[in-house]
Every structure is written in structure tokens, then in C-alpha cells.
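Q: please work out how this folds:
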Amino acid sequence: MAPKPQQPNGAGDMTPEIAAVLSGASRGCVVCGDCLPIMREMPDKCVDLVITSPPYGELREYGGYDFDFENVAIEIVRLITDGGVLVWVIGDASPDDGGESGDAMRQALIFKRLGLRLHDTMIYEKAGPAYPAQDKYYQVWEYMFVFSRGRPKTFNPLSDRPNRWFKKKFSRIRSRRKKDGSLIVSTWDEEQGGEYGIRFNVWRYACGAGYSAEEDYAHEHPAIFPEALAADHIYSWSNPGDIVLDPMLGSGTTTKMSRHLGRRYIGIEINQSYVDIANKRLAQEEIF
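A: Numbering: from 1, shown residues only. Purely as a prediction, here's the structure:
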């Protein structure tokens, strides 16, 4: 059973930084604190895109902080505007028995029960395994669940997949039958599409130290996803001026790329040392 939504405490006690972003008075902010009570003070349907990567079971230690998935999910769903999108980047942890937890699919189903549409199940493929297994094929991917409240209001498709048929002509055949059962076959030459086509839904990135972020100090966080991954989703599912939220910000990749792409942004992070990293990255980021 899905958890029952709780009533928010009201938007009157929002942090002034977040209130300024929602009103348009500020380009963005990073707030230190537990995302659950902070989100509960934000008004309904106030953000256009949520992109985040939550803790994966017991795979990493995040300063001893707990992750209350069910209630965090309730608040994320409440905050997404009509047509807004949630990108949930998640992998399964491996319990002591060496299997997989199944948490990723369980969480996806809870988001559906809370009313979001599972718009696309995408894959984030890594260039290599972080922890090569001894008794199974190497794990090199994670889920990127794309949820939406109704049909997404924004889709800016990335068209960077080389089209192997570009400038090549080939014959197309079409057949149909007449009423008397005889077959009519016609052929014609056709040139297929432009130089690049829309990207498939498996995205591959180099990750880890030296790849995921330009700043060496960003890797003081144990599990950041690539800047290109955040930028590609922000570009795809939002427009300049839209509000992007990352309630588990980590080292600040989402806020940095939101700023870079001209979106307003709200980052919430419970660990002060990671907040400091995120603000340092923002201070060095040029706005386009």
C-alpha cells in the first residue's frame, strides 16, 4: 500500500531564500537542512522539474542521516506542477546475500500510486563498473525513472545521435491488395532523415573522479552523477526561467547545471560540508 499524503504545514514558514526563488526575486538558492520539513512548508505545485539521486539503500554512508523515502515521495509529488517532471536516478543496493534489493522498482511503483505517470524508464549507462562482481556480470547502469504529473508540458529532445542513413538513398517497397485479391507492388527511392536523430533512452556517461565534475573538490561527495546527465535532463524537461528542485542535492550538480542553463533552482542538502561544496561550485559558474 502507498503511504497516505500528509497535509503540508503551509507556505507561510518557508525559508526566505526559497520564497524569493518562488516569487521570482531570486535566481536560485541552496538551503542546508532536512528536505522533508523544508518541502512541507512549500506550496502545492510550485516546481516544474525535480531531478535528484537519493541514497541507495546501505550502499553509502551519508553522515549518518536517515532517508524517509515514503514521506519524501509524498512531498515531491505534491510540489510538482501540472505537466511537471520528476527524474529519479536510482540503482539497487546489493544486500549481504549478494542479490539485489529491488528498491528501485518498489520506489517507482510508489510514485505511480501517489498519482504520477511513469513517462519513461531510462537507463544511465556508466563507462565502467565501480565494484566488479565475482559471481555475476558487471553492473554498469542505473535507472533514470522519468515521472510526470499528466503529460509533460515540456519536451526539448536532444538530437545528437548520428544518422547512419544520412545522404543515403534506398528503395522503399509498399504493397497492397485490390478488391479482387491481386497484389500491387510499388517502389521508390527515399533519402532518410537528417544528419542527426533523436537520442535513444539509454544514456552513456563517463563517471567518477576526473569525469563527473570539473572541480576536484566536488568529489569529496562519495556519489555524484555526471554534470552532463543533469544538464541533459534539465534541458529536456524544462525551459529557461522554470524552477528546478533537487531535494537531496549532494555536491550541487543539479543547481550548477540549472544555473548554467538559465533555470531558477532550489537545492536542499542536509550535510553542511556538501552545501559548502555546492555553493562554491555555483560561485564559479558562469550564467548563460
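Q: how far out from the middle of the chain is stretch 73-82?
A: 15 Å (Cα atoms, centre = their mean, to the nearest Å).
Q: brain fart, stretch 240-259
A: On Cα atoms, centre = their mean, the centre of stretch 240-259 falls 10 Å from that of its chain.
Q: please enumerate the strands of the stretch 101-250 of the chain.
A: Taking DSSP state E, counting those that start in this stretch as the test, the strands found in the stretch 101-250 of the chain are 117-126, 141-148, 161-162, 169-177, 183-191, 196-197, 202-205, 243-246.
Q: okay, now Ile270: neighbour count?
A: With neighbours defined by other Cβ atoms under 10 Å, the count for Ile270 comes to 21. Quick note: C-beta positions are derived from backbone N, CA and C, even for glycine.
Q: now Lys136
A: Neighbours around Lys136, by other Cβ under 10 Å: 11.
Q: and Trp88, which of the three is it?
A: Of the three states, Trp88 takes strand under DSSP: H, G, I helix; E, B strand; the rest coil.
Q: per-residue pLDDT of the closest residue to it other than its chain neighbours, please?
A: By the measure of Cβ to Cβ, 6 or more residues apart in numbering, the closest residue to Trp88 outside its immediate chain neighbours is Phe145, 4.4 Å from it. At Phe145, the model reports a pLDDT of 98.
Q: wait, Phe145 touches Thr121, no?
A: Yes. Between Phe145 and Thr121 there is a contact under Cβ atoms under 8 Å: 6.0 Å.
Q: the nearest residue to Val87 once chain neighbours are set aside: what's it in contact with?
A: Closest residue in space to Val87, ignoring its immediate chain neighbours: Ile51 at 4.2 Å, by Cβ to Cβ, 6+ apart. Counting by Cβ atoms under 8 Å, 6 or more residues apart in numbering, Ile51 touches 86-87, 89, 230, 233-234, 244-246, 254.
Q: got any ranges where the protein has weak pLDDT?
A: 1-12, 56-66, 94-98, 129-132, 164-175, 185-194, 208-223, 285-288 (pLDDT under 70).
Q: Met122 against Val146, yeah?
A: Yes. Contact status for Met122 versus Val146: in contact at 6.0 Å, counting by Cβ under 8 Å.
Q: which one of these two has more residues nearby?
A: Using other Cβ under 10 Å, the more surrounded residue of Met122 and Val146 is Val146, with 22 against 18.
Q: the more buried one and Val275, how far apart?
A: The gap separating Val146 from Val275 is 27 Å, by Cβ to Cβ, to the nearest Å.
Q: same check, this time on Thr154
A: From Thr154 to Val275 the distance is 29 Å (Cβ to Cβ).
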